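> below: sequence and its predicted model.
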Amino acid sequence: MKKQLVIRNESFSFLLERKTLLTTTILAILTFAAFVVSIGTGEMYISPINVIKTLFGAGEKQYELVIETFRLPRILVALLIGAALSVSGSILQGIIRNPLASPDIVGITHGASVAAVGLLTLFPTVSVFWLPPVTLIGAGVVAAIIYLLAWKDGVTPIRLVLIGVGIKEVMAAITSLLVVTSPIYLTPKVQIWITGTVYGSNWENVSVLLPWVILMLILTMMYGRTVNVLQLGDDIAAGVGSPVSRHRLILLFFSVALAGAAIAIGGAISFVGLLGPHIARKLVGPSFGGLLPVSAMVGALIVMLSDLIGRTAFSPLDLPVGIFTSAIGAPFFIYLLFKNRNQ
Amino acid sequence: MVALETQNLTLTYGESLIIDQLNLQIPKGKITVLIGSNGCGKSTLLRSMARLLKPKEGNILLDGQAIATTPTKEIAKRLAILPQSPTAPEGLTVQQLVKQGRYPHQNWLKQWTTEDEAMVNEALESTGMTELKDRAVDSLSGGQRQRAWIAMTLAQGTETILLDEPTTYLDMTHQVEVLDILFELNQTQKRTIIMVLHDLNLACRYADHIVALKDKTVYAQGHPTETITPDTVRAVFSMDAEIIPDPIYGTPMCIPYSRGRIGRKGGTQPHAHHVAISTAVGQFA
Ligand SMILES: Nc1ncnc2c1ncn2[C@@H]1O[C@H](COP(=O)(O)OP(=O)(O)OP(=O)(O)O)[C@@H](O)[C@H]1O
Ligand SMILES: [Mg+2]
């Protein structure tokens, strides 16, 4: 059998790797299975059959309440956040050409944190309604600062990383300062935000996150072939006709828009943006057309499963999802550093 | 006919001047080889001719049209460049790499037209990479890897191709193999090839036109037999050498003098004789 599948007519044409298609299908099934199991698991167990029935509007009333009011929005938010963070990391790793890049390592997450923690501690009376937009703006402003500081006749990947890591430290210091100087009664709330949680997610969150993430994913998909040439280096990319600086800026914007939105709703959930793309690349290689959907699903799975563990394993305690993503992510990051130490 | 032309081209890195007021014409449909000592600015000049480096002053014309005012995608359809030692991300297959050469001809909906497929297959074929197309680039030998990159450059389907040291890190067999591929392309498809080479003997064998750089400008240029003389070699590489005709092809062959192995069988005291010997160069002109 041929390794590739060609889809071609007058208006469009694509070359798909069969292996990637297979992996994508399997992951889609896994993600759906995890979704159903996750919805069914909790204080009240609901069997997968009943979950699916209820999702399609044919379930019993008692299930409907639990699923539609409490579990479904939370799980959808977990799924969307996971996908957004992971794709954000994939874009960054592609345009910065460094497998260690991710929104929480180059400072974007920390910029968002300063904004959010600043709002929570300095203006504790302001409605939480403002938390997501302020956080998103924080991510954007910090990304812009990093970009401008790294600018010198264009932006090279290495300067972006170095400046990003520097800014990240500054942002982390400001966040600590804000936490330490704030009234003690605010600390737990802030700490939970910094760890990252999808507890208490509601339909409003879903209705904001869903269209935004889908839009950004589509736009990113359209620029997939540009990520592919940027991965080969600036000279190659420019040589084949990509306006490198402009394309890098556009893709950086998508990355920040995805990570910023995820953090705005879920807090500073860490390591998903590193772990997701990495696993995805191991599965389907670095070609972005396949990498994007796969890393989205891997990220969705990581956050969804981490949240499932968080809310069930230590019941009645409902632990923030970020604890579990860090628990898997931190050792993995050390492993990556170790593996890349000679480069 | 001129493929590429520089007019009063001045190139700098920050404050340091690399190329000064250069006027150079690269013939169309020919193989041109840039030579010069390490750090003399060959890569810099090549990159600027491919619009990867903005000139401080002056113009570069591609087929008579200023590249500074031509859309980058348009240039990419007419000129391809393979820079010095590029790297591919881990796990990228040869075919995926070669496909990237089609970038200027694609858009987000049309990523694998029949033309794309034909060009990629042809590029794989002419570089002998068809068998290896599903292998990861990082799992290949240096020679195979270089051929994969050349295939990508060819898939771009441009009339002019610039290559920066396409034979570095390759053993003798693979050097000749790569140059033969380029020669073949030039002969059969009349593509203009401009490359940097360090091996003077191979440069002379394959080039129609040699450009020797020195002191921020061109020291000598022209057909290898006229250009590669002991004087040029001495001036450009600060080295005494003897130039004799290549026993197979008759093109100039450069034998450098050195301190090594004096007194071995047939070895002579370099400076005592080299003036007399170098006049023998006329024999093949
Ligand atoms: N990015 C850069 N920034 C500053 N200076 C540079 C840069 N790249 C090259 N140079 C300097 O410009 C000069 C010309 O470099 P270039 O790479 O063009 O030389 P080259 O002739 O290709 O040498 P080689 O044969 O070693 O490849 C050198 O002195 C080099 O140190
Ligand atoms: Mg060079």
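Sure, I can see it. Numbers count the residues shown, from 1 in each chain, chains lettered A, B, ... in the order given. Ligands and ions are numbered 1, 2, ... in the order given.
> beta partners of the residue positioned nearest the centre of chain B?
Taking Cα atoms, centre = their mean, the centroid of chain B lies closest to residue B:195, which sits 1.1 Å from it. Listed by DSSP bridges, the beta-bridge partners for residue B:195 are residue B:33, residue B:163.
> flag the shaky bits of chain B, pLDDT-wise.
Where chain B drops to pLDDT under 70, the residues are B:261-285.
> from it, which residue is nearest to chain A?
Ranking the residues of chain B by distance to chain A (Cβ to the nearest Cβ) places residue B:76 first, at 3.0 Å. C-betas here are computed from N, CA, C, even on glycine.
> and that residue, helix, strand or coil?
Reducing the assignment to helix, strand or coil with DSSP: H, G, I helix; E, B strand; the rest coil, the entry for residue B:76 is helix.
> contacts only, for it.
With contact taken as Cβ atoms under 8 Å, 6 or more residues apart in numbering or on different chains, residue B:76 is in contact with A:239, A:240, A:241, B:103, B:104, B:156, B:158.
> now do 7 Å
Under the criterion of Cβ atoms under 7 Å, 6 or more residues apart in numbering or on different chains, the neighbours of residue B:76 are A:239, A:240, A:241, B:104, B:156.
> would you format these as a markdown table with distance to residue B:183 included?
Rendered in a markdown table, the data for the contacts of residue B:76 read as follows (distance: Cβ to Cβ, whole Å):
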| residue | distance to residue B:183 |
| --- | --- |
| A:239 | 22 |
| A:240 | 24 |
| A:241 | 27 |
| B:104 | 25 |
| B:156 | 19 |
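> tell me who's in contact with residue A:234.
Contacts for residue A:234 were tallied using Cβ under 7 Å, 6+ apart; they are residue A:244.
> so how far is ligand 1 from it?
In this structure, residue A:234 and ligand 1 are separated by 11 Å, where distance is defined by Cβ to the nearest ligand atom, to the nearest Å.
> also residue A:6?
As defined by Cβ to the nearest ligand atom, residue A:6 lies at a distance of 41 Å from ligand 1.
> with adjacent residues omitted, what lies nearest to residue A:48?
Spatial nearest neighbour of residue A:48, excluding adjacent residues (Cβ to Cβ, 6 or more residues apart in numbering or on different chains): residue A:36 at 4.9 Å.
> try residue A:321
For residue A:321, the nearest residue in space outside its immediate sequence neighbours is residue A:307; the separation is 4.3 Å by Cβ to Cβ, 6+ apart.
> for that neighbour, helix, strand, or coil?
Going by three-state DSSP, the secondary structure assigned to residue A:307 is helix.
> what do you get for the one 3 residues further on?
At residue A:310 the chain is in helix, as set by three-state DSSP.
> does it touch residue A:325 like I think?
No - contact criterion Cβ atoms under 7 Å: residue A:310 and residue A:325 do not qualify, at 9.5 Å.
> the two: who's more crowded?
Taking neighbours as other Cβ atoms under 10 Å in any protein chain shown, residue A:310 and residue A:325 compare with residue A:325 leading, 30 against 23.
> check which residues of the host helix or strand of the more buried one are buried.
Using DSSP states H and E, the secondary-structure element containing residue A:325 is helix A:321-339. Within helix A:321-339, the residues scored as buried using 16 or more other Cβ atoms under 10 Å in any protein chain shown are A:321, A:322, A:323, A:324, A:325, A:326, A:329, A:333.
> and the contacts of that helix?
For helix A:321-339, the surrounding residues in contact (Cβ under 7 Å, 6+ apart) are A:78, A:99-100, A:195-198, A:267-272, A:274-275, A:302-303, A:306-307, A:309-310.
> output the contacting helices and strands for the helix of greatest length in chain B.
Counting residues, the longest helix found in chain B (DSSP state H) is helix B:172-189. Identification of packing neighbours for helix B:172-189 by 3 or more Cβ pairs under 7 Å, 6 or more residues apart in numbering or on different chains; DSSP states H and E yields helix B:142-155, helix B:200-206.
> then the first one to CSV, C-alphas only?
Written as CSV, here are the backbone C-alpha positions of helix B:142-155 (Å, rounded to 0.1, in the frame of the first residue of the first chain):
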residue,chain,number,x,y,z
GLY,B,142,26.2,13.6,5.0
GLY,B,143,26.3,13.0,1.3
GLN,B,144,22.7,11.7,1.1
ARG,B,145,21.6,14.7,3.3
GLN,B,146,23.3,17.1,1.0
ARG,B,147,21.6,15.5,-2.0
ALA,B,148,18.2,15.8,-0.2
TRP,B,149,18.7,19.6,0.2
ILE,B,150,19.8,19.9,-3.4
ALA,B,151,16.7,18.1,-4.4
MET,B,152,14.6,20.6,-2.4
THR,B,153,16.4,23.4,-4.2
LEU,B,154,15.7,21.8,-7.6
ALA,B,155,12.1,21.2,-6.8
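> do that helix and chain A meet?
No - no part of helix B:142-155 sits close enough to chain A to count as contact by Cβ under 7 Å from any Cβ of the partner chain; the gap is at least 8.1 Å.
> how much does that helix deviate in direction from helix B:172-189?
Computed by axes from the mean of the first three to the mean of the last three Cα atoms, to 10 degrees, the angle separating helix B:142-155 from helix B:172-189 equals 10 degrees.
> check which residues of helix B:142-155 are buried.
Residues of helix B:142-155 classed as buried under the neighbour-count rule (16+ other Cβ under 10 Å) are B:143-155.
> just give the number of residues close to residue B:78.
Taking other Cβ under 10 Å as the neighbour definition, residue B:78 ends up with a count of 19.
> which residues sit in contact with it?
Taking Cβ under 7 Å, 6+ apart as the contact definition, residue B:78 lies against B:62, B:158, B:159, B:160.
> same list (the residues you listed) but as JSON lines, adding neighbour count, distance to residue B:117 and secondary structure.
Listed next are the contacts of residue B:78 as JSON lines, based on neighbours: other Cβ atoms under 10 Å in any protein chain shown; distance: Cβ to Cβ, whole Å; DSSP: H, G, I helix; E, B strand; the rest coil:
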{"residue": "B:62", "neighbour count": "22", "distance to residue B:117": "27", "secondary structure": "strand"}
{"residue": "B:158", "neighbour count": "22", "distance to residue B:117": "18", "secondary structure": "coil"}
{"residue": "B:159", "neighbour count": "17", "distance to residue B:117": "21", "secondary structure": "coil"}
{"residue": "B:160", "neighbour count": "22", "distance to residue B:117": "23", "secondary structure": "strand"}
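> just give me the closest of these to ligand 1.
Among these, residue B:160 lies closest to ligand 1 (Cβ to the nearest ligand atom), at 19.2 Å.
> can I assume that closest one is in contact with residue B:5?
No - distance between residue B:160 and residue B:5: 11.8 Å, which falls outside the contact criterion (Cβ under 7 Å).
> can the helix or strand hosting residue A:166 be found next to chain B?
Secondary-structure assignment from DSSP H and E places residue A:166 in helix A:157-181. No - applying Cβ under 7 Å from any Cβ, one finds helix A:157-181 out of contact with chain B, separated by at least 12.3 Å.
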